[in-house]
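S.K.: sequence and predicted structure, then a few things I'm wondering about:
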Amino acid sequence: KVENSRIQTFEESDVNADFNPPLLKAVTGDPELPLRYLYDGGCSVCNGFVKMLKGRKGVENIYFEDISSSAYDPRKNKDVQFADAMATIHVIRNEDDTILTGMEALKSLYSAVGLGWVFQLSQLPVVSLAAQLLYKFVSKYRIQLGGTMDGLQAFNRADMEKRGEGSCTDPEGECREKPMPEEQSAESVDGNGNSMELATPAADRHHLLGIYTIQKGKGLRAAPIDVDTGAMISSGATIPVESMSREDVAQAVRDLDKHFQWNGSIGIGLPGLIQDHALGQTDEKQGSKWANLKNSREDRLVHERELSDAVGRDVVIMTGAEANGFGEMAYGAGRGEKGLVMMCTVGRGFGVALFDDGVLVRNVDFSWMWTWDMNVWKDSQLPEEDEENEERWLRWGERVASYLLELEENLHPDVIILGGAASLSYPRWSDQLGEPMRLNVVTALPEMQPMRLNVVKAPIKLAQLGPLAGVKGSAAGGALLLKLRDDQLKVRAALGNMEGVSPEKMSEEQLQHVFNAFDKDEDAALSLQELADAVRALGVKLTQAESKELMIDLDVENTGDISFNEFSSWWHDLVRRDAVELLHTEAQFDQVLEEESQSERLVVVEVKFTFCRPCKAFDPYYRECAEKFTDARFLQLVGNENKDMVHLGKHVLKIKSSPTFIFFRGGKEVHRHTGAKRDKFMDMVMAKLRKGEVGYDADYEPQSDEEEAAAAPP
């Protein structure tokens with residue numbers, strides 16, 4: 001685990017014993033300590049240096065500020081901008097508000113932790129050379145040597161600064177610093193103190209990090225989950241969040257990801273609303289707005305893409321009711337249930353999710369269900385557990401009964417599962433709802449007997465997973481929805497190859513041609529059987545359940561078949577993307593090459609590292625080119641983002657420095673070069689464009705003096 005004072009760990013037994021465990025206040029250190037060190041959390045050298053400092057006496061006088069964090073604010077750090085902090089080391093001395101840089105900054109840090117002698121020693125040329133050689137030898141055996149490494153590590157860092165190698169200083173150069181070692185494993189500890197391997201391939205759909213909101217949206221609870229069994233792989237963790245803005249949620253998820261050293265996918269259960277003013281939005285006039293996760297497939301895809309890019313992992317989001325429902329359907333009260341199951345999370349609000357034979361029905365519009373917040377129920381809030389006023393419980397029961405009755409009359413569920421905070425007090429209010437209709441109550445509480453209620457006819461089950469339903473369900477649902485996404489991408493690639501074009505370049509006429517080919521009975525609608533047959537003919541293998549999931553995702557109007565408008569809308573949502581596609585898994589990279597293998601479309605790939613300053617400086621220009629040359633497809637990979645990316649960069653693409661640019665046609669590499677030189681990059685793009693493609697210019701004159709580095713593929 002990576003320690004973070006904002007994160008509190010828990011065991012499954014602890015949470016189940018206490019429904020609402022206290023969320024401890026975040027403790028992040030005092031920024032007014034004598035020294036404030038601005039370091040790059042994305043740089044392996046910096047992180048190793050920070051780790052060394054934190055292991056020494058005197059570190060209590062240093063506050064560590066990560067400039068790579070999205071929460072970094074120059075206004076709170078003497079207006080030191082990110083680019084300046086990346087150029088050289090910065091330390092703020094709070095006593096006199098002085099900004100120290102370079103060797104002076106290192107000297108202040110060393111003096112604080114008792115390593116001032118290192119700074120003096122580093123000025124001697126002969127000692128400098130000997131120490132460099134010794135440092136390389138000792139680095140190999142750093143674990144065995146333990147604390148004896150500190151002096152040499154500190155010396156080497158000072159010597160790097162002296163030689164001007166503390167960072168990538170040439171904005172048009174390239175970084176050759178070694179990326180995260182592939183053999184580096186992420187470990188955590190279980191409840192017995194045993195070391196556990198948590199690192200999991202990004203494409204693994206059997207182990208996900210499940211995350212769910214707690215404390216009325218003031219925090220997140222997370223745990224790595226074995227999706228097949230529902231068991232926690234290790235201790236879980238909670239972390240507070242400032243707000244439910246996408247920026248704050250993304251930062252909290254990044255912190256949890258780092259805590260678990262997670263390399264796999266993430267499922268997140270969020271309330272129906274998430275604040276939509278962050279993640280790169282700079283137009284102050286827009287202000288903050290609220291986007292409803294339940295509104296449309298497009299909304300969900302936008303949120304998922306932005307969170308995925310912010311976190312650097314495959315991310316799937318779902319509503320709170322959906323997450324709880326996935327958990328109960330997989331491991332709890334809904335396991336084995338057939339027909340239409342309605343999951344209700346009842347507390348301050350009332351959430352609903354529908355599962356048809358275990359498959360989430362994602363396109364249900366609940367906007368007509370507004371009666372829960374009618375003024376008549378203002379005095380009918382969920383009472384506290386120790387409430388003795390029976391009239392309050394009666395009013396609450398009437399409110400729930402009224403809403404359940406309306407839901408059943410419109411949705412006709414076969415089974416209802418009640419979860420959320422109100423389910424724990426079910427005995428206090430269920431028997432006060434009236435008589436005429438008998439209700440079959442199935443409960444895990446042996447002392448409870450079937451009761452008479454005046455609401456619904458469908459059997460009611462009480463949720464069985466308790467406080468961890470959302471976490472486990474987020475993981476289980478994430479696995480299912482990621483599998484659906486994988487299947488959709490296979491269908492997308494197959495359809496593009498069928499027409500011989502890049503998927504996103506397919507016209508409405510081509511889509512109509514595909515639709516008509518699938519519509520065997522020519523009734524202008526696709527049935528489940530026609531869809532399954534078409535997918536099978538494309539060479540994509542789906543189970544019956546997976547075909548049904550795909551059908552439900554397309555059938556937004558819930559008519560039981562798919563119209564061309566629904567098919568076209570689904571297609572455009574599926575292929576919609578940013579000008580620069582940031583990929584997080586090797587499978588995504590393979591998918592792009594497969595999609596473009598028949599289209600002959602130019603694919604441009606930039607491989608970068610988090611510690612690479614030239615890469616950061618080149619980002620705006622790369623996006624500018626992507627927006628200009630729209631017939632080409634521009635990808636970006638972060639080579640040390642996770643184990644998948646390390647393997648892709650090191651063993652598949654054979655990356656030795658960053659940024660590296662690789663060009664593909666028809667799925668085959670046709671060119672590569674390194675370095676962030678704009679003229680050279682533009683020359684290569686223009687050289688690889690074909691006549692008729694946007695931006696092609698037969699009269700273009702090369703701008704770079706260098707010869708084309710048309711290296712053969714490794």
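M.R.: Thanks, I have the structure now. Residues are numbered from 1 along each chain as shown.
S.K.: for the stretch 301-450 of the chain, what are the low-confidence residue spans?
M.R.: For the stretch 301-450 of the chain, applying pLDDT under 70 flags the ranges 363-370, 431-450.
S.K.: now with 80, please.
M.R.: 301-303, 305-306, 310-312, 362-371, 373-375, 385, 426-450 (pLDDT under 80).
S.K.: contacting residues around Asp40?
M.R.: Cys46, Asp66, Ile67, Ser68, Ala85, Met86, Ser167, Phe611 (CB atoms under 8 Å, 6 or more residues apart in numbering). All C-beta spots, glycine's among them, are computed from the backbone N, C-alpha and C.
S.K.: same check on Leu209?
M.R.: Leu209 neighbours (CB under 8 Å, 6+ apart): 222-225, 256-257, 260, 262, 264-267, 475.
S.K.: checking it next. Helix, strand or coil?
M.R.: strand (DSSP: H, G, I helix; E, B strand; the rest coil).
S.K.: please report how far it lies from Ala626.
M.R.: 31 Å (CB to CB, to the nearest Å).
S.K.: same check, this time on Ala579
M.R.: 4 Å.
S.K.: quick one: which of those two has more around it?
M.R.: Ala626 (20 against 15; other CB atoms under 10 Å).
S.K.: packing partners for the helix or strand harbouring the more buried one?
M.R.: Secondary structure assignment for Ala626, by DSSP states H and E: helix 613-628. Counting contacts by 3 or more CB pairs under 8 Å, 6 or more residues apart in numbering; DSSP states H and E, helix 613-628 is packed against helix 82-87, strand 580-583, strand 603-608, strand 633-638, helix 678-688.
S.K.: list residues touching both of Ala579 and Ala626?
M.R.: Common neighbours of Ala579 and Ala626 (CB under 8 Å, 6+ apart) are Phe634.
S.K.: can you give the distance of the lengthiest helix in the chain from its chain's centre?
M.R.: Counting by DSSP state H, the longest helix found in the chain is helix 469-499. Taking CA atoms, centre = their mean, to the nearest Å, one finds the center of helix 469-499 at 15 Å from the center of the full chain.
S.K.: right, and the helix or strand after it?
M.R.: Later in the chain than helix 469-499, the nearest helix or strand by DSSP H and E is helix 508-518.
S.K.: buried ones in the helix or strand following that following helix?
M.R.: Scanning forward in sequence from helix 508-518 by DSSP H and E, the next helix or strand is helix 528-537. Burial within helix 528-537, assessed by neighbour count using 16 or more other CB atoms under 10 Å, is assigned to Leu528, Glu530, Leu531, Ala532, Ala534, Val535.
S.K.: which residues does the first one contact?
M.R.: Meaning Leu528. By CB under 8 Å, 6+ apart, the neighbours of Leu528 are Ser547, Lys548, Met551, Asp561.
S.K.: spatially, what comes nearest to the last one if we skip its sequence neighbours?
M.R.: Take Asp561 and drop its neighbours on the chain: the residue closest to it by CB to CB, 6 or more residues apart in numbering is Ala525, 4.1 Å away.
S.K.: run a quick neighbour tally on that neighbour.
M.R.: 18.
S.K.: that one reaches Asn565, doesn't it?
M.R.: No: Ala525 is beyond contact range of Asn565, at 10.6 Å (criterion: CB atoms under 8 Å).
S.K.: all the strands of the stretch 251-400 of the chain, in order from the start?
M.R.: Assigned by DSSP state E, counting those that start in this stretch, the strands in the stretch 251-400 of the chain fall at 266-270, 273-275, 290-292, 315-319, 340-346, 350-356, 359-361.
S.K.: could the ones you listed be laid out in JSON lines, adding distance to Ala252 and mean neighbour count?
M.R.: Listed next are the strands of the stretch 251-400 of the chain as JSON lines, based on distance: least, CB to CB, whole Å; neighbours: other CB atoms under 10 Å:
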{"stretch": "strand 266-270", "distance to Ala252": "10", "mean neighbour count": "29"}
{"stretch": "strand 273-275", "distance to Ala252": "13", "mean neighbour count": "17"}
{"stretch": "strand 290-292", "distance to Ala252": "18", "mean neighbour count": "15"}
{"stretch": "strand 315-319", "distance to Ala252": "13", "mean neighbour count": "26"}
{"stretch": "strand 340-346", "distance to Ala252": "21", "mean neighbour count": "25"}
{"stretch": "strand 350-356", "distance to Ala252": "21", "mean neighbour count": "22"}
{"stretch": "strand 359-361", "distance to Ala252": "25", "mean neighbour count": "21"}
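S.K.: please name whichever of those strands is nearest to Phe589.
M.R.: Smallest distance to Phe589 across the strands of the stretch 251-400 of the chain (CB to CB): 17.5 Å, for strand 315-319.
S.K.: for Met329, what are its contacts?
M.R.: Arg335, Glu337, Val341, Met343, Phe355, Gly358, Ala476.
S.K.: no no, Ala534
M.R.: Per CB under 8 Å, 6+ apart, neighbours of Ala534: Ala517, Phe518, Leu526.
S.K.: quick one: it and Val415, what's the gap?
M.R.: 32 Å.
S.K.: check Glu546 too.
M.R.: Taken as CB to CB, the span from Glu546 to Val415 is 23 Å.
S.K.: got it, and Val580?
M.R.: 46 Å.
S.K.: what do you get for Asp248?
M.R.: Applying CB to CB to Asp248 and Val415 gives a distance of 37 Å.
S.K.: mark which of the contacts of Ala534 are buried, thanks.
M.R.: The buried subset of those - by 16+ other CB under 10 Å - is Phe518, Leu526.
S.K.: for Gly230, state which of the contacts of Ala534 is nearest.
M.R.: Looking across these and measuring by CB to CB, the closest to Gly230 is Leu526, at 35.0 Å.
S.K.: contacts only, for the residue nearest to that closest one when sequence neighbours are not counted.
M.R.: Leaving aside its sequence neighbours, Leu526 sits nearest to Ile562 (CB to CB, 6+ apart; 4.1 Å). Taking CB under 8 Å, 6+ apart as the criterion, Ile562 is in contact with Ala525, Leu526, Leu531, Met551, Leu554, Asp555.
S.K.: quick one: Ile562 from Asp521, how far?
M.R.: According to CB to CB, Ile562 and Asp521 sit 13 Å apart.
S.K.: Ile7 now?
M.R.: 57 Å.
S.K.: which of the two has more neighbours?
M.R.: Applying other CB under 10 Å to Ile7 and Asp521 shows that Ile7 carries more neighbours, namely 22 against 10.
S.K.: so who does that one touch?
M.R.: Ala237, Thr238, Ile239, Asp255, Leu256, His259.
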